[in-house]
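Q: A predicted structure for the sequence below; I have some questions about it.
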Amino acid sequence: MLQIAFIRENQEKVIKALAKRNIDAKSVVEEVVQLDENRRAAQVELDNVLSESNKLSKDIGELMKAGEKSKAAILKEKTVSLKEKSKELGEKAEALAVELTNKLYTLPNLPADIVPEGKTPDDNLNVFEEGEVPVLHEGAQPHWELVKKYDIIDFELGVKITGAGFPVYKGKGARLQRALINYFLDKNTAAGYNEVQVPHLVNEASGFGTGQLPDKEGQMYHSTIDDLYLIPTAEVPVTNLFRDVILNESELPVLHTAYTPCFRREAGSYGAHVRGLNRLHQFDKVEIVRIEHPDNSYAALDGMVEHVKNILQELKLPYRILRLCGGDMGFTSALTYDFEVFSTAQDRWLEISSVSNFETFQANRLKLRFKDKDGKNQLAHTLNGSSLALPRVLAGILENYQTPEGIVIPEVLRPYCGFDIIN
């Protein structure tokens, strides 16, 4: 979340920045500042009462030593009153602090200066495009028809077992899925990312730490009996490895990668654009997460973008990179680049990765800090990216690599698959 000291000292800047997200934040910012003033005033009053109470306790001790019990008794009565007052003020300060924190949770991150203006995905800025769109043979099909033809993914069987959006991968489809996961992990670890395996359920504190709660509560599967959430992305457990951690500056940067299944309710998603692998409730993804010094985080973001570009170049898929506009950015992000692969059979772009810098937004929630050269604790910057999300990458491969003889496997994946073609 945003730091209250920054909001207090930069009210107009915060209001102007959030306007780029098409949010009129003036009343909320004013309310936050007023709550903070009330909380600080209550804390000052509490501190004064506690100080007076401590002084009286010392005076009572001295009077008792001097044998002046009657005077000491008068002061004792006063300390009883002060204790009651301090309890009331403590409860008031705590209630104001909770109210302030809850209000801060409603404010999204401030967009970086280079985030373009805009309200919808149509306003995103195309900053890079590469790869030749293949010319497919007559009768080429979208992936949801191809998987039936070659019996590699069964959507109906997934409906039988669970429901819509939970496909069953079979035979060469399962092996290609596993090959992609291993290939992505190998690329990430070769680039210096440390592989970790993390839980697939997280507690509420973890959800708040990375900003999925309360913003995306309705999109997460919630195990109510245990009050645990199925993860929507490995970003949540991996970043929370560093909740309440103080790193030494020399330990930065920290680079982690993880493969996990991801679970998203995707409430309200329907229509032709979500057919097949385009939109799932359970899908596989390999994630990269970085903890960076604030001075280096945007250079690190550029490096993450280049890393994902290299993977798509090796897969030889046509892709483009979009800088998201203020109206299309995620709640926690300061700057996001989306990668999209072109699906020739569907004649549309499919999002396959988001790479984002959150600056101090998540770190402030997580209390993730580092000790600088002067020994002072500073908030770190956090970043994450899909490297990569599998369903639409797989859809792009199936559709763009189809031939009359079958689906050719990208050359870089053949050592992982153990076969060259699905036929």
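A: Perfect, thanks for sending it.
Q: in the stretch 251-400 of the chain, which spans are helices?
A: Taking DSSP state H, counting those that start in this stretch, the helices of the stretch 251-400 of the chain run over residues 297-315, 361-366, 390-400.
Q: er, the stretch 51-200 of the chain I mean
A: So, for the stretch 51-200 of the chain - with DSSP H, counting those that start in this stretch - the helices run 69-104, 143-150, 155-161, 172-190.
Q: residue 278 is nearest to which of those helices?
A: helix 143-150 (8.6 Å; CB to CB). (Each C-beta comes from the backbone N, C-alpha and C, glycine too.)
Q: wait, which of the helices of the stretch 51-200 of the chain is closest to residue 248?
A: helix 172-190 (23.6 Å).
Q: got the confidence number for the residue nearest to residue 378 when sequence neighbours are not counted?
A: Using CB to CB, 6 or more residues apart in numbering and skipping residues adjacent in sequence, the residue nearest residue 378 is residue 372, 5.2 Å away. The model reports residue 372 with a pLDDT of 95.
Q: what about residue 372, distance to residue 348?
A: 47 Å (CB to CB, to the nearest Å).
Q: again, but for residue 305
A: Taking CB to CB, one finds residue 305 at 22 Å from residue 348.
Q: next: residue 239.
A: For residue 239, the distance to residue 348 equals 32 Å [CB to CB].
Q: give me the more crowded residue out of those two.
A: residue 239 (29 against 11; other CB atoms under 10 Å).
Q: what sits against that one?
A: Applying CB atoms under 8 Å, 6 or more residues apart in numbering, one finds that residue 239 lies in contact with 209-210, 289, 362, 366, 382, 384.
Q: try 6 Å
A: Residues near residue 239 by CB atoms under 6 Å, 6 or more residues apart in numbering: 210, 289, 382.
Q: likewise residue 175?
A: Residue 175 is in contact with residue 417, counting by CB under 6 Å, 6+ apart.
Q: now do it, the pLDDT please.
A: Here, the pLDDT recorded for residue 175 equals 98.
Q: next one: residue 269
A: 54.
Q: and stretch 106-124, end to end?
A: 24 Å (CA to CA, to the nearest Å).
Q: with adjacent residues omitted, what lies nearest to residue 233?
A: Closest to residue 233 by CB to CB, 6+ apart is residue 262, at 5.3 Å.
Q: any buried residues in the lowest-mean-pLDDT helix or strand in the chain, and which?
A: Here the helix or strand of the chain ranked lowest by mean pLDDT, DSSP states H and E is helix 69-104, holding a mean of 85. Across helix 69-104, burial judged by 16 or more other CB atoms under 10 Å covers 72, 75, 79, 82, 85-86, 89, 92-93, 96-97, 100, 103-104.
Q: cool, and stretch 28-41?
A: 28-29, 32-33, 35-36, 39.
Q: want to throw those into CSV with secondary structure, distance to residue 391 and pLDDT?
A: As requested, the buried residues of stretch 28-41 are exported to CSV (DSSP: H, G, I helix; E, B strand; the rest coil; distance: CB to CB, whole Å; pLDDT from 0 to 100):
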residue, secondary structure, distance to residue 391, pLDDT
28, helix, 37, 96
29, helix, 39, 97
32, helix, 39, 96
33, helix, 44, 96
35, helix, 43, 96
36, helix, 44, 96
39, helix, 46, 94
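Q: of these, closest to residue 419?
A: Nearest to residue 419, judged by CB to CB, of those is residue 28 at 56.4 Å.
Q: ok, the closest one to residue 322 distance?
A: Counting by CB to CB, the gap from residue 28 to residue 322 is 29 Å.
Q: how about residue 6?
A: 28 Å.
Q: what segments of the stretch 101-250 of the chain are strands?
A: Along the stretch 101-250 of the chain, the stretches classed as strands by DSSP state E, counting those that start in this stretch are 125-130, 153-154, 168-169, 194-195, 201-203, 222-223, 228-230, 246-248.
Q: of residue 6 and residue 322, who's got more company?
A: More crowded of residue 6 and residue 322, by other CB under 10 Å: residue 322, with 22 against 14.
Q: low-confidence regions, the chain specifically.
A: For the chain, the stretches flagged by pLDDT under 70 are 267-273.
Q: 90 instead, please
A: Counting by pLDDT under 90, the chain shows low-confidence ranges at 1, 47-88, 214-218, 266-275, 344-345.
Q: quick check: can you list the domain ranges of it?
A: Per the TED database, the structural domains of the chain span 4-105, 121-422.
Q: please identify the most buried of these.
A: Counting by mean count of other CB atoms under 10 Å, domain 121-422 has the highest mean neighbour count of these, with a mean of 18.
Q: check contacts around the closest residue to residue 242 other than its chain neighbours.
A: Counting by CB to CB, 6+ apart, residue 368 is the residue found nearest to residue 242 once chain neighbours are left out, at 4.8 Å. Applying CB under 6 Å, 6+ apart, we find residue 368 in contact with 242, 245, 380.
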